[in-house]
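> The following comprises the amino acid sequence and a computationally predicted model.
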Protein chains: 8
Amino acid sequence: MNMKAAVVMGSVSDLPVLEPAIKRLKSFGVDVEARVISAHRTPDIAREFVTSAEENGIEVIITAAGKAAHLAGVLAAYTTLPVIGIPVKSSSLEGLDSLLSMVQMPPGIPVATVAIDGAENAAILAVQILSFRYPQLKQKLKEHKAELAKKVIEADKNLQKEIKI
Amino acid sequence: MNMKAAVVMGSVSDLPVLEPAIKRLKSFGVDVEARVISAHRTPDIAREFVTSAEENGIEVIITAAGKAAHLAGVLAAYTTLPVIGIPVKSSSLEGLDSLLSMVQMPPGIPVATVAIDGAENAAILAVQILSFRYPQLKQKLKEHKAELAKKVIEADKNLQKEIKI
Amino acid sequence: MNMKAAVVMGSVSDLPVLEPAIKRLKSFGVDVEARVISAHRTPDIAREFVTSAEENGIEVIITAAGKAAHLAGVLAAYTTLPVIGIPVKSSSLEGLDSLLSMVQMPPGIPVATVAIDGAENAAILAVQILSFRYPQLKQKLKEHKAELAKKVIEADKNLQKEIKI
Amino acid sequence: MNMKAAVVMGSVSDLPVLEPAIKRLKSFGVDVEARVISAHRTPDIAREFVTSAEENGIEVIITAAGKAAHLAGVLAAYTTLPVIGIPVKSSSLEGLDSLLSMVQMPPGIPVATVAIDGAENAAILAVQILSFRYPQLKQKLKEHKAELAKKVIEADKNLQKEIKI
Amino acid sequence: MNMKAAVVMGSVSDLPVLEPAIKRLKSFGVDVEARVISAHRTPDIAREFVTSAEENGIEVIITAAGKAAHLAGVLAAYTTLPVIGIPVKSSSLEGLDSLLSMVQMPPGIPVATVAIDGAENAAILAVQILSFRYPQLKQKLKEHKAELAKKVIEADKNLQKEIKI
Amino acid sequence: MNMKAAVVMGSVSDLPVLEPAIKRLKSFGVDVEARVISAHRTPDIAREFVTSAEENGIEVIITAAGKAAHLAGVLAAYTTLPVIGIPVKSSSLEGLDSLLSMVQMPPGIPVATVAIDGAENAAILAVQILSFRYPQLKQKLKEHKAELAKKVIEADKNLQKEIKI
Amino acid sequence: MNMKAAVVMGSVSDLPVLEPAIKRLKSFGVDVEARVISAHRTPDIAREFVTSAEENGIEVIITAAGKAAHLAGVLAAYTTLPVIGIPVKSSSLEGLDSLLSMVQMPPGIPVATVAIDGAENAAILAVQILSFRYPQLKQKLKEHKAELAKKVIEADKNLQKEIKI
Amino acid sequence: MNMKAAVVMGSVSDLPVLEPAIKRLKSFGVDVEARVISAHRTPDIAREFVTSAEENGIEVIITAAGKAAHLAGVLAAYTTLPVIGIPVKSSSLEGLDSLLSMVQMPPGIPVATVAIDGAENAAILAVQILSFRYPQLKQKLKEHKAELAKKVIEADKNLQKEIKI
């Protein structure tokens, strides 16, 4: 059986926000099922998707939504799979509406919320969670962390050179 | 057939916020079906409730919810009945989270949002809508408006007396 | 008698925000009386317009206004027709000023507020309300909802193809 | 002819907020016409009041209102008298709604806005304006300013004593 | 003696924001003394300017400032002339910082605050105040108000034509 | 080997906020290591704690912090274990500062953020994550979800009785 | 010569907010000149105070102010001494107004801003600055930091005991 | 020994924000050690950097960070050197997240926060602090202040000319 995450967006216009999540998941060898499902326009599909997610091999769900961002909460209502939410910077209010609609969930139904437009972190969090079942991811996460550090160190070195010149 | 509105709250703790709506609806002779239904904890009941609302004689739906207030949007997703939302002043952020989660709905699925804790206005709006089918409400709405004016006029008179004394 | 909605803007600069509402209303066969009326610059016209609205066949009023958005409230003060408000994203504060000025109405005088720049939903809400008097709209609303769902489903299918390729 | 200011509140519940304004105006010898007039519940009275204000000897208008605070703007729409607005700290959102509803007026119709619950300053501003017609107020304003300074100086002296002991 | 207003900006970069105020004042025949004076960089000039303002014939002061917008308050501290403040939409926070820094003045020292970037209204308010001393402005204010109404009426007429075609 | 979560607070004053998380974790049979560790006052202990967390059997970390809430981010910097953050409603700004300080993490270092004071959900999310390694938790999560639903259904029934009486 | 800090408040009502700063400074052996000086009510005293501060032995200035908190900026305008600002949680807006009025200073005139009601940190920052001239403070700062750590460690130990019992 | 400040950014993308600080420091003759160090990606380097800062001759630390801006706080946790924080206007929320994450530090660990993107002021504040040890900076600070005033005075003069022409 393969590692598998669903990446669900309420509108295809949110795809550019989600793409870094899809790429990051794949770079960790995680299968991605990318879907356009709207909590408001296709609520029955949302329900069918999430209630059959486990039997379809989906292990963790990443969602992105903007404005009155209900998608993550609606999916979380139907599952005990971890649901990760990416608030999308909407066309007004700078994404504060998306963030509050997503993070302020009532007791019992968590949505693991990451930063506004924070797709990269949604993927890393998903991989951290998957690593509980697939220990091989553990090492990759450490390598990824080391790479991030390496880039900072390189940027620091380049800055030193630049300043000297 | 009777005029009938549903008044739905996500948690019974929101009842005090909703009571003015229930009372106001009844004062207009509207039957009220008050329900505790959670979009997140009882999503299937929410769906059953709203998809059978019309055949159960419900004509307009008033909801109150706080924080990541998805209830109104979740019900609106399944119906073409008007859904009126009352953002509840939550325990943090002064109800801004509830307001934004409710009002910022995506195109196609409106929630008619009133003020934070604005149950009275949710009821009046419901009656205005019902008056399209029950013309007798029209007159009552005008009387109610006149009463509101009368109270302001009386308060003004009392203020004049108070100041003179 | 025809179905008829008024679409009122405080300034002609708000027309682009309102156009989706006008188009949507017309697509439902609703007559639209579009007006430029300012609560602050032409208050008497606002008053005359709204007090004679019913006898002029207007059944529901949609308004759009920005910043200290008083137009919806000023019209609602004079009528028992439903007044729907669209907060316009203003040149500063991202439309938060418009939203709060519109939604936070005092008890007795509701404004049914939709999302910032949410003209599409203002129209759908108006049609939902009109359907109480014109039952033929009911079916059209359901078809519109089905169309919205269809578009999401298609976007989902296209995404699957795109990903496979 | 006497100096005269109107002090208008949308609801008698705002009287405690306005009382410092009334007292301060009287301490400057300004006649005060205190009124309860609602922009939303008694719009015609608001209109009659403001269109006849000048002939009734009113020279400046102070208003206080909360939430979707339209009162100042509605009065300003009908007059060229200066209209001063006090945003009332409402029961939610800490008065930000009142402030934005009042201050963000469109070009041509100013509302001179003071601090949230800032009745004292509304009165002082009114007196500054009245001093253009009643030069005797000029001296009193300077004395008032001197008194304010004196109180700060005394508080400073008391603090020095307190600290020494 | 001429009617005279000072228009003071903290930085010449705020001139574009203030220009509509200068033009509007001049259109009413008000002399304008435009100044660049910084509360923070030239505090002594600010103090000299404002303490000698009256003897220099200045009757009302309009200021514009952004971010931690202290200019209006600093001038108001030294004078009993009316001080009108225009919060400038700053490079971050959408002008909320400027607005709050200007409007939230402590008791005794009012700043008559208008909308963010609301130079037009600052000028109209100044003229309303000046009209207490120069009654000829009264008529001009009414004409200006009528012109504003006329423009709205014309825009409304054009909209009707446009829609018919 | 036992299931084990660390529950870390920056100050013991945050214990009341965290207690529901501790109780909920224990109700699922998860061992809890509760710690007072400050990112700012005991940074070395924070570092030692988190770098040795895995070898000490800790599998998931829950943190609560208020104001400039750095604790979650500081721990996340050193580990690939999932870090869950609870923004604490601070003494000012209603917890918005805590929320933004926690959720707006840079790419690569996620903090799974739940609602302000949302300890219950932090625990449920931790259990969802642990269920990837301990499948027996899966059933318990479903039972917990069912219990939550049951409570809503009972509240709904009680409401019906109450209303009938 | 003694180490000396001025602690300046705009109103004696801010004394409770400032007291922790005064105590902390004294615990480091720093002389404190506590003053009530208002930027708005006693601007000349503010100016005299700050322009003679250096010759009076004052080396660093701590200020606290609320709402349109200009005091820090007004003092900073006149001196090159470091000015530290404590935004006071005001009676409305949770201190956001105070914070923005203080921190958003224009280029050239810094105010070193600490947390809302953050008097303790204002004192520590003042001591850090004074330590550049009085090296003996360096050791005391390290001891203070160690004490803070010790308290966290003790709280952690007590928590372990409490949980075991 | 030379005067020396560290200027630390979490990401090289923040360099443009920091450059005015670097230039300003150099114009005062202060040596600058510019570094890219991430609190989250290179926490150990951050710790090594700051714990050895003093012995490396660093006397004051300026940091810039955006979003969940922990860098200043993380460095301040390890040192008694003054840490100055520049909140970076992030890609969403206009820098409010950065500001609150930086300024709202808990008691004992101050971060001297300046305006959003306020690099110029971070440098001036650093020089003010350094002047406690290097008295020659005192005079330069006064000259810089005088230059700022001079520019305002020139802008004022140019404005007068411009207006006359």
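In hand now; what should we look at?
> The residue nearest to A:Gly57 when sequence neighbours are not counted pairs with what?
Nearest non-adjacent residue to A:Gly57, counting by CB to CB, 6 or more residues apart in numbering or on different chains: A:Lys4, 4.8 Å away. The way it works is simple: take the backbone N, C-alpha and C, and place the C-beta from them, glycine included. Here A:Lys4 sits in beta bridges with A:Asp31, as judged by DSSP bridges.
> what's around A:Lys4, how many residues?
With neighbours defined by other CB atoms under 10 Å in any protein chain shown, the count for A:Lys4 comes to 17.
> I'd guessed it sits against A:Ala34; true?
No. A:Lys4 lies out of contact with A:Ala34 (CB atoms under 8 Å); the separation is 11.5 Å.
> Please give the number of neighbouring residues around whichever residue of chain A sits closest to chain E.
Residue of chain A nearest chain E, by CB to the nearest CB: A:Glu94 (8.8 Å). A count of nearby residues for A:Glu94, using other CB under 10 Å, gives 21.
> can you pull the contacts of the closest residue to A:Arg24 other than its chain neighbours?
Leaving aside its sequence neighbours, A:Arg24 sits nearest to A:Ala123 (CB to CB, 6+ apart; 3.6 Å). By CB atoms under 8 Å, 6 or more residues apart in numbering or on different chains, the residues touching A:Ala123 are A:5, A:20-25, A:28, A:62.
> Flag every buried residue along the longest helix along chain A.
Longest helix in chain A, counting residues (DSSP state H): helix A:136-164. Across helix A:136-164, burial judged by 16 or more other CB atoms under 10 Å in any protein chain shown covers A:137-138, A:140-141, A:144-145, A:148-149, A:151-153, A:155-156, A:159.
> Show me what from chain A comes close to chain F.
A:20, A:59, A:80-82, A:84, A:99, A:103-116, A:118, A:120-122, A:124-125, A:128-133, A:138, A:141-142, A:144-145, A:148 (CB under 8 Å from any CB of the partner chain).
> Just the buried subset of these, please.
Going by neighbour count (16+ other CB under 10 Å), the residues of chain A next to chain F have A:20, A:59, A:80-82, A:84, A:99, A:103-116, A:118, A:120-122, A:124-125, A:128-132, A:138, A:141, A:144-145, A:148 buried.
> Centre of the chain to the helix or strand bottoming out on mean pLDDT in chain A, how far?
With mean pLDDT, DSSP states H and E as the measure, the helix or strand of chain A carrying the lowest mean pLDDT is helix A:136-164 (a mean of 94). Centre-to-centre, helix A:136-164 and its host chain are 23 Å apart (CA atoms, centre = their mean, to the nearest Å).
> list the helices and strands it packs on?
helix A:119-130, strand H:31-36, helix H:43-51 (3 or more CB pairs under 8 Å, 6 or more residues apart in numbering or on different chains; DSSP states H and E).
> out of those, nearest to F:Thr51?
F:Thr51 lies closest, by CB to CB, to one member of these: helix H:43-51, at 9.5 Å.
> can you list the residues that contact the closest one?
A:149, A:152-153, A:156, F:43, F:47, F:74, F:77-78, H:6, H:8, H:35, H:37-39, H:61, H:71, H:74-75, H:78-79, H:81.
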